[in-house]
Each structure stands twice: as structure tokens, then as C-alpha cells.
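S.K.: give me a 3D structure for the following:
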Amino acid sequence: MNTEEHPLTNKEFMDGLIRVGLIMLMVVGCFHIFSPFLNLILWSLILGVTLYPLHQKLAGKLGGSNGRSATVIVVVGFVLLGWPSMKIMESVAEQLTTIYDAHHAGTLSFPAPKESVMSWPLIGEKVYQGWASAAANLPDFIQANQDTVEVVLNKGLLIAKSAISTVFLFLGALIVAGIMMAYGSGGSNAVSTILVRIVGERQGSKIHNLATMTTRSVAVGVLGVAVIQSILLGVGFLFVGVPAAGPLAIVVLLLGIMQLPATIVTLPVIFWIWGSSDGGTVMNIVWTAYLVIAGLSDNILKPILLGRGVDAPMPVILIGALGGMVVSGFIGLFIGAVLLAVGYQVFMQWVDIEAQETAELEEAVELEGRAEAKE
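M.R.: Numbers count the residues shown, from 1 in each chain. Okay, here's the model as predicted:
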């Protein structure tokens, strides 16, 4: 046994340990500095990856100018999505702030429930009794449920603030995404090089392509359709004068992400138009037709935008959206769904690597055997 090797081995171990510690310290420090911009960069990457094919086509029509193409996309995005989103979020904030202020001023009131509420299955009588109690003497009702009311109102204000900040974050991310698209080729090559360095040359390009295509599928096919439909209906709710138009638009967005029909919201609104609104018969017909078409627009948008389809199972997308919302607020709906779907696809690709390599080896051996047989 050669004992002279022990001091050298221990020294190498300590050197390696110190180096790893310093690297980890640098990584943690960099992440700590970068973390305030994490949501902005993630959202920008999602937008950039999703819009890059459109950017390339537009750049070809504009004489190959990536800068002009990115600028056009950003400006059009601001016009088509920025203003409607701001109006919807403004409605959300206005509704929740009005309720909060009225509660603290002691002027909050509820209309008396209709008798038809009692006919609701299972919960009709309890809802009717609670609603009637609140309508008859709201101050006493609030006093009896003060803790619950305070929690609900405070959470409502937080949701309103989160929704407004999300709109500004989206608009900022759109600008950053435009810059990314202008230099998209270099960024794509850099990501591909990093993946090749991590997982090897054979699988690096596959994972890069897989992550890109999954991001586009989820962002366009699921989230994009949900956003477009919620904006179409939200703008309609605003023009019709539906109470709580902003919150209803958010409900439509959540239904779209969960792949549930928007008619769950549009049908009650249509009943309200004919039963409570002040519009004439012609306008009621016009708005009814608009809401029906907008409520069914996902059936038209999905075949156009979904393209190759979403490979990740819908429960994965739903869990990602809801989990992302819990962790990061409203913006987490989008980031969580995309990240979990991409992570799922990359993990399943990694699981299937050995099976794929075995199948490729068997195919190569078979082809070699056929070639030898011909010779």
C-alpha cells in the first residue's frame, strides 16, 4: 500500500470541493441578481419562440430586414392585444376596487335574490337564504362573516393588481421578444450549442427542436386560442355593458385553458341581454349573434392555430397553468403551462432515448444484413 498518494489525493479532493463551492456560489449569486427579471425573460422567450416563424415570413417580404419585421410585429401586437387587454384589466380593477371601497364606506348592497334560485339543485336553499340575508341587512351579514369578507376582498384586490401588472409585463415582454426575434438566429444556435454540450451531439438537437415545437404548440394552440377568445368576448361584454365584464373575460380565459366551452359564460350573458339590458331588439340580436360567434370561435381558431397539435396531455397543461398561477400569479397561467409541457416532453424524450437507440441499432444491423445478402 502506497501511503504517499494520500496527501495528493486529499489535496485534489479539497481543491475540487472548493472549486465546486465557488461555482455554486457564483450560480446562486447570478440567479439572485437575475431573479427579478425571470418572469419577463421567460415570457419573452415564449413569445419570441412562438412568433419567430411569422417573423421569418414577414422579414422575407420586407427585403430580409429582421429589425423592421420585429418592429411591425411588436406594433401590431400592441394595437391588437394591448388596448383590449388594458380595457379588460381596467374593468377588473374597477369592479373590485368599487366593491372594496363600498364595503369600507358601509354602502355596499346586494339585490334581493329571485325565487328561481331556490330551485337550484343541492345548494339552492342555502344560497337563497344567505343571499336574502345579505340583501335584507348587509351590515349585519358582513359583521357575522367579517373575517371571510375581508379575506375575499383582499384577495380580490391582489388579483386585480396582479392582472394589471400582468398586462404591463406582457407588453414589456413583447418588446423584449421583438429584440430577441431580431437576433433570433444567433440565440437559437447558442441554445442548441448549450444543449449539445449538456446531453451530447445526437440528442441535443432533438431536445432543442422538441422544446421549440412544444412551446409553439402550447402557446399558440391552447393559450393563444384562449387569449383571443377571452379578448373577443371581453370586448363584447364591455360594449354591451355587462356587469363585471373584466372578471367574466378572465373566467372565459380559464375555461379556454381548461378546454371547456365558453358558452358556460356566454349563455347567461345572452339571457341577461334579453332580460335586463336597455338595448333595442335589433341591437340585442346583433350582440347575441356576436357573442355566439365569439363563444364558438375556438372551433375555428384551433384548426388554424394548433398546427401539429399539442403532444403534452391536457392534464399536464392544466396542472402547469394552475400551479403556475399559484406560484407566480396571473402570469403563471401561461408560463407554468408552457414550462411543464416542455419539461414533460423533454423527460419523456429522455425516457425513450435507450429504446430509440436500440431500435436505430437494430434497423442499421438489418439494413447491413440486407446489403450483404445482395452482394
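S.K.: can you list the domains in this structure?
M.R.: 40-182, 207-360 (automatic domain parsing).
S.K.: most tightly packed of those domains?
M.R.: Mean neighbours per residue, mean count of other Cβ atoms under 10 Å, is largest over the domains of the chain for domain 207-360, with a mean of 18. Backbone N, C-alpha and C define where each C-beta goes, glycine included.
S.K.: which one of the domains of the chain lies nearest to residue 20?
M.R.: Across the domains of the chain, the minimum distance to residue 20, taken as Cβ to Cβ, is reached by domain 207-360, at 24.4 Å.
S.K.: what is the mean pLDDT for the closest one?
M.R.: Averaging pLDDT along domain 207-360 gives 76.
S.K.: again with stretch 53-62
M.R.: Computed over stretch 53-62, the mean pLDDT rounds to 83.
S.K.: kindly export that stretch (C-alpha atoms) in CSV.
M.R.: Output of stretch 53-62 as CSV, limited to C-alpha atoms (Å, rounded to 0.1, in the frame of the first residue of the first chain):
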residue,chain,number,x,y,z
PRO,A,53,-41.9,31.6,-37.8
LEU,A,54,-44.2,34.6,-38.5
HIS,A,55,-41.2,36.9,-38.1
GLN,A,56,-39.2,35.0,-40.7
LYS,A,57,-42.0,35.1,-43.2
LEU,A,58,-42.6,38.8,-42.7
ALA,A,59,-38.8,39.5,-42.9
GLY,A,60,-38.7,37.8,-46.3
LYS,A,61,-41.5,40.1,-47.5
LEU,A,62,-39.7,43.2,-46.1
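S.K.: what residues does that stretch touch?
M.R.: The contact list for stretch 53-62, computed with Cβ atoms under 8 Å, 6 or more residues apart in numbering, reads 65-66, 68-70, 72-73, 181, 184, 216.
S.K.: nearest to residue 31, of the domains of the chain?
M.R.: Of all those, domain 40-182 sits nearest to residue 31, with 12.0 Å by Cβ to Cβ.
S.K.: what's near enough to touch residue 205?
M.R.: So residue 205 contacts 192, 195-196 (Cβ under 8 Å, 6+ apart).
S.K.: need those residues in a markdown table (columns: distance to residue 150).
M.R.: Formatted as a markdown table, the contacts of residue 205 follow (distance: Cβ to Cβ, whole Å):
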| residue | distance to residue 150 |
| --- | --- |
| 192 | 52 |
| 195 | 49 |
| 196 | 55 |
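S.K.: next, format these as a markdown table and append pLDDT.
M.R.: Output for the contacts of residue 205, formatted as a markdown table (pLDDT from 0 to 100):
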| residue | pLDDT |
| --- | --- |
| 192 | 74 |
| 195 | 73 |
| 196 | 74 |
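S.K.: in helices only, show me the residues you listed.
M.R.: Of the contacts of residue 205, the ones assigned to helices by DSSP state H are 192, 195-196.
S.K.: compare those residues and tell me which is most surrounded.
M.R.: Tallying neighbours with other Cβ atoms under 10 Å puts residue 195 at the head of the ones in helices among the contacts of residue 205, with 20 neighbours.
S.K.: look up how far residue 349 lies from that residue.
M.R.: Here the criterion is Cβ to Cβ, to the nearest Å. By it, residue 195 lies 12 Å from residue 349.
S.K.: what do you get for residue 12?
M.R.: 36 Å.
S.K.: what do you get for residue 302?
M.R.: 25 Å.
S.K.: repeat that for residue 254.
M.R.: Distance of residue 254 to residue 349, computed by Cβ to Cβ: 30 Å.
S.K.: repeat for residue 189
M.R.: 21 Å.
S.K.: cool, and residue 94?
M.R.: Where residue 349 is concerned, residue 94 sits at a distance of 46 Å (Cβ to Cβ).
S.K.: do the same with residue 44
M.R.: Distance, residue 44 to residue 349, by Cβ to Cβ: 25 Å.
S.K.: could you do residue 244 as well?
M.R.: From residue 244 to residue 349 the distance is 44 Å (Cβ to Cβ).
S.K.: what's the answer for residue 36, then?
M.R.: Applying Cβ to Cβ to residue 36 and residue 349 gives a distance of 32 Å.
S.K.: how about residue 252: what's its closest non-neighbour residue?
M.R.: In space, residue 252 comes closest to residue 230 once its chain neighbours are excluded; the distance is 4.4 Å by Cβ to Cβ, 6 or more residues apart in numbering.
S.K.: quick check: the one you found touching residue 247?
M.R.: No: using Cβ atoms under 8 Å, residue 230 makes no contact with residue 247, being 11.2 Å away.
S.K.: tell me the secondary structure at residue 126.
M.R.: Using DSSP: H, G, I helix; E, B strand; the rest coil, the structure places residue 126 in helix.
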